[in-house]
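S.K.: could you work out the structure for the sequence below:
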Amino acid sequence: MKKLLVLTDFSANAAHAEVAALDMARKLGEGILLYHTLPYVPLIPGNGGGPYVTETAGMLFEDSKERLIQEADKLRETAVMTRGFHVDIGERNGEGILGDVIGELTAAPDIEMVIMGGRSGGALEHLLGGSDTTAVIRKARKPVLIIPPDAAINLSGKIVFATDFGIADIAAISCLQELLPRMSFGLDIVHIIQPGEVVTHIGAEVAFRKYLDHHGLNYNHVQADDIHKGLQNYCNKNGASILAMTHGQHSFISRFFGHSESQAMISGQQLAILVFPPGLKYDGQPGNQPPPRNLRKTPLL
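M.R.: Numbering: from 1, shown residues only. Got it, this is the predicted structure:
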């Protein structure tokens, strides 16, 4: 059975993401693997505290394991009592820095997606600075869904995919084509154009358009002075609760969201962010799509 890898640190924000994962698991017909990791406790040679440190580390690990079992039990109860369905939920405790172990965890063929909560601010804020979230995105092999504390995911809504016409975007869209029909999500693909912007990568856009045309997909040019406002407004107007993008756009995000005005907006946004990492391991094939049709480029803002 395929699984959603749900990362937890036992915080309220993680619990919010866990509950959202329940609904997604039901839609996908998949299980959940709840995962928590403890950092290594270093053993310093010659300090005379070796046995004590080892014993302390063991106690911490066992305590973490017990908390993880309790968290999984609580999640099972939530599924049955408030949602009326059963989800196969397993738990796994690990050691080490999350960014160092996530690659191996997500390389497993039964893991389809990583789900994690945002610790503070909006999910986009985590893409702008150093954090566990950033480390997970850089090294994960499967898509990573970051759910801020105030985000509510509408499973009958849309995912908006923001594109820069990169090659990685095509792989991400292929992954979405397989995933979305099982979740009843719609897909909008958008490219933000700022006033006075000069198009310099015609070849990349043409190749991207050919791929979309072949798979019966459209994309929209959205005109906006501010990248973040443009995406936020588009998502709000079109009933999207998830904004998707590839990690290759990390520099794109930093370039346009780095100033203080945008930082203030990002801190208050309530969109979940689905990020396709640079090491994306995708072995599936796109789902059945409608026959190809003429590609439309429609300015919406």
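S.K.: in the helix or strand hosting residue 191, what counts as buried?
M.R.: Per DSSP states H and E, residue 191 falls inside strand 186-193. Neighbour counts using 16 or more other Cβ atoms under 10 Å place 187, 188, 189, 190, 191, 192, 193 of strand 186-193 among the buried residues. (Glycine included, C-beta is placed from N, CA and C.)
S.K.: return the closest of those residues with respect to residue 37.
M.R.: residue 187 (32.8 Å; Cβ to Cβ).
S.K.: if we can go back for a sec, chain center to the strand holding residue 191, what's the gap?
M.R.: Put simply, strand 186-193 sits 17 Å off its chain's centre (Cα atoms, centre = their mean, to the nearest Å).
S.K.: so what strands line up beside it?
M.R.: For strand 186-193, the paired strands and their directions (DSSP bridges) are strand 158-162 (parallel), strand 220-223 (parallel).
S.K.: got JSON lines for the ones you listed, with mean neighbour count and distance to residue 133 too?
M.R.: Listed next are the strands paired with strand 186-193 as JSON lines, based on neighbours: other Cβ atoms under 10 Å; distance: least, Cβ to Cβ, whole Å:
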{"stretch": "strand 158-162", "mean neighbour count": "22", "distance to residue 133": "18"}
{"stretch": "strand 220-223", "mean neighbour count": "16", "distance to residue 133": "26"}
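S.K.: let me have these in JSON lines, extended by mean pLDDT and distance to residue 32.
M.R.: Shown next, in JSON lines, are these (pLDDT from 0 to 100; distance: least, Cβ to Cβ, whole Å):
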{"stretch": "strand 158-162", "mean pLDDT": "93", "distance to residue 32": "20"}
{"stretch": "strand 220-223", "mean pLDDT": "90", "distance to residue 32": "34"}
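S.K.: and of those strands, who's closest to residue 21?
M.R.: Of all those, strand 158-162 comes closest under Cβ to Cβ, at 16.1 Å.
S.K.: what's the first helix or strand after that closest one?
M.R.: As assigned by DSSP H and E, the chain's next helix or strand after strand 158-162 is helix 167-179.
S.K.: and stretch 68-82, average pLDDT?
M.R.: What stretch 68-82 shows for mean pLDDT is 93.
S.K.: format the strands paired with strand 186-193 as CSV; extra columns: distance to residue 87.
M.R.: Shown next, in CSV, are the strands paired with strand 186-193 (distance: least, Cβ to Cβ, whole Å):
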stretch, distance to residue 87
strand 158-162, 22
strand 220-223, 36
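S.K.: which one of those strands lies nearest to residue 247?
M.R.: strand 158-162 (12.4 Å).
S.K.: between that closest one and helix 167-179, how big is the angle?
M.R.: 170 degrees (axes from the mean of the first three to the mean of the last three Cα atoms, to 10 degrees).
S.K.: strand 158-162: how far from the chain's middle?
M.R.: Mean-position distance between strand 158-162 and its chain equals 12 Å (Cα atoms, centre = their mean).
S.K.: restricting to C-alpha, output that strand in CSV.
M.R.: Extracted C-alpha coordinates of strand 158-162, given in CSV (Å, rounded to 0.1, in the frame of the first residue of the first chain):
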residue,chain,number,x,y,z
LYS,A,158,-7.9,23.3,-7.2
ILE,A,159,-4.1,23.2,-7.1
VAL,A,160,-2.4,26.2,-8.8
PHE,A,161,1.0,25.3,-10.3
ALA,A,162,3.3,28.3,-10.7
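S.K.: ok so, going back, got the CA coordinates for the strand holding residue 191 in PDB?
M.R.: Taking C-alpha atoms only, strand 186-193 is exported to PDB below (Å, rounded to 0.1, in the frame of the first residue of the first chain):
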ATOM      1  CA  GLY A 186      -8.500  20.500 -10.500                       C
ATOM      2  CA  LEU A 187      -5.300  21.900 -11.900                       C
ATOM      3  CA  ASP A 188      -4.500  25.500 -13.000                       C
ATOM      4  CA  ILE A 189      -1.100  26.300 -14.500                       C
ATOM      5  CA  VAL A 190       0.000  29.900 -14.300                       C
ATOM      6  CA  HIS A 191       2.900  32.100 -15.200                       C
ATOM      7  CA  ILE A 192       3.200  35.500 -13.600                       C
ATOM      8  CA  ILE A 193       4.200  38.400 -15.900                       C
END
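S.K.: what mean pLDDT does it have?
M.R.: On average, strand 186-193 scores 92.
S.K.: now the element after it, going C-ward?
M.R.: With elements assigned by DSSP H and E, the helix or strand that comes after strand 186-193 is helix 202-214.
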